[in-house]
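Peer 1: Sequence first, then the predicted structure:
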Amino acid sequence: MLVRYRNVDVDAQLNGVSSRYFQVRNIQLAAGITFSDQDARRQAQVVVLDHNTAQRLFGPGVNPLGQVILVGKLPCTVIGVTSDHKNLFIAGNTLNLWMPYETAAGRVPGQRHLDSISVRVKDGMPSKAVEEQIKALMLQRHGTKDFFTNNLDSVMQTVQKTSRSLTLLLSLIAVISLVVGGIGVMNIMLVSVTERTREIGIRMAVGARQSDIRQQFLVEAVMVCLMGGVIGIGLSYAIGYLFTLFVQQWEMVFSLASVVTAFACSTLIGVLFGFVPARNAARLDPIEALARD
């Protein structure tokens, strides 16, 4: 539906809904109010805009409330604007506006029949049983099954199962990557111990204890792993930023806990896989170490 304010035109989705639609769909308002049952009965020419439509029509710094816009050829007063928070029923980049169903059916040319009916189940009620009752009622009213139902609880359960499976898969990949990376660090440190045998012998000869040598190589292993962690976190942020630029309806969020966990895992890998090289270095005989080239 073409929507116009002064010399600005946008193509938005017009939705004729009941006054309780926003409550059922849990759509929050950033400003204004929704229409009432009285507005619906008298076919009031009022609309609620989503955040994107308000920004496109009015731009920054203009209060949309009370402004008159043309919806098709019907002048309507803006009485509310939804918040820009993501909602399951509103895509991030779409343009939507809502008016009373009676107004849309009686004053706007085009489709007049209902596309869908949204039902919100009370807390504690089994959604599957309610869905079956609704199906029975619709079948009784229509006489044939010319409709279908979507149960968001079932959808959410499927999404959660998929999410858990994906999380498990990614966790396994992460564990394998950490083990492979840890083995690589251990090999590097073992080579370092071999190449620095004479240095270790000199340190022992001037009074370094086994614990000092062990601590030195453990710290080096941890530092190598922490550097890898810093590079990995930096790449993650860069990839997330690029992903957000190209796929604007999705937003990559990195929590502080995930960053702390990454550094903790890097430290743990350094300690675990650096222990064997550090122990080997600490057990070297200083006389034999000094005798090696």
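Peer 2: Alright, I've got the coordinates.
Peer 1: from memory Arg107 sits against Leu74, does it?
Peer 2: Yes - between Arg107 and Leu74 there is a contact under Cβ atoms under 8 Å: 5.5 Å. The C-beta positions use only the backbone N, C-alpha and C, and glycine is treated the same way.
Peer 1: Any stretches of the stretch 101-250 of the chain with poor pLDDT?
Peer 2: 111, 248-249 (pLDDT under 70).
Peer 1: Can you show me the helices along it?
Peer 2: 101-107, 127-142, 152-195, 197-205, 210-246 (DSSP state H, counting those that start in this stretch).
Peer 1: now the ones you listed as TSV including distance to Leu284?
Peer 2: Shown next, in TSV, are these (distance: least, Cβ to Cβ, whole Å):
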stretch	distance to Leu284
helix 101-107	84
helix 127-142	68
helix 152-195	8
helix 197-205	5
helix 210-246	8
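Peer 1: Export the ones you listed to TSV and append columns for distance to Ser83 and mean neighbour count.
Peer 2: As requested, those are exported to TSV (distance: least, Cβ to Cβ, whole Å; neighbours: other Cβ atoms under 10 Å):
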stretch	distance to Ser83	mean neighbour count
helix 101-107	23	18
helix 127-142	26	12
helix 152-195	20	13
helix 197-205	63	17
helix 210-246	20	15
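Peer 1: among those, which is nearest Arg292?
Peer 2: helix 197-205 (4.9 Å; Cβ to Cβ).
Peer 1: Convert the C-alpha atoms of the closest one to PDB, please.
Peer 2: Extracted C-alpha coordinates of helix 197-205, given in PDB (Å, rounded to 0.1, in the frame of the first residue of the first chain):
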ATOM      1  CA  THR A 197      68.900 -26.700  26.000                       C
ATOM      2  CA  ARG A 198      72.200 -24.800  26.400                       C
ATOM      3  CA  GLU A 199      70.300 -21.700  27.600                       C
ATOM      4  CA  ILE A 200      68.500 -23.800  30.200                       C
ATOM      5  CA  GLY A 201      71.800 -25.400  31.400                       C
ATOM      6  CA  ILE A 202      73.300 -21.900  31.800                       C
ATOM      7  CA  ARG A 203      70.300 -20.700  33.900                       C
ATOM      8  CA  MET A 204      70.600 -23.800  36.100                       C
ATOM      9  CA  ALA A 205      74.300 -23.300  36.500                       C
END
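Peer 1: which secondary structure elements does it contact?
Peer 2: helix 210-246, helix 286-291 (3 or more Cβ pairs under 8 Å, 6 or more residues apart in numbering; DSSP states H and E).
Peer 1: contact partners of it?
Peer 2: 193, 212-213, 281, 284, 286-293 (Cβ atoms under 8 Å, 6 or more residues apart in numbering).
Peer 1: With adjacent residues omitted, what lies nearest to Gln23?
Peer 2: Arg120 (7.4 Å; Cβ to Cβ, 6 or more residues apart in numbering).
Peer 1: List the pairing partners of the lengthiest strand in the chain within its sheet, with orientation.
Peer 2: In terms of residue count, the longest strand belonging to the chain (DSSP state E) is strand 74-82. Paired strands of strand 74-82, with direction, are strand 29-32 (antiparallel), strand 46-49 (parallel), strand 68-71 (antiparallel) (DSSP bridges).
Peer 1: Using TSV, lay out those strands together with mean pLDDT.
Peer 2: Formatted as TSV, these follow (pLDDT from 0 to 100):
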stretch	mean pLDDT
strand 29-32	92
strand 46-49	95
strand 68-71	93
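Peer 1: who wins for proximity to Ile233 among those strands?
Peer 2: Of all the strands paired with strand 74-82, strand 29-32 comes closest under Cβ to Cβ, at 34.1 Å.
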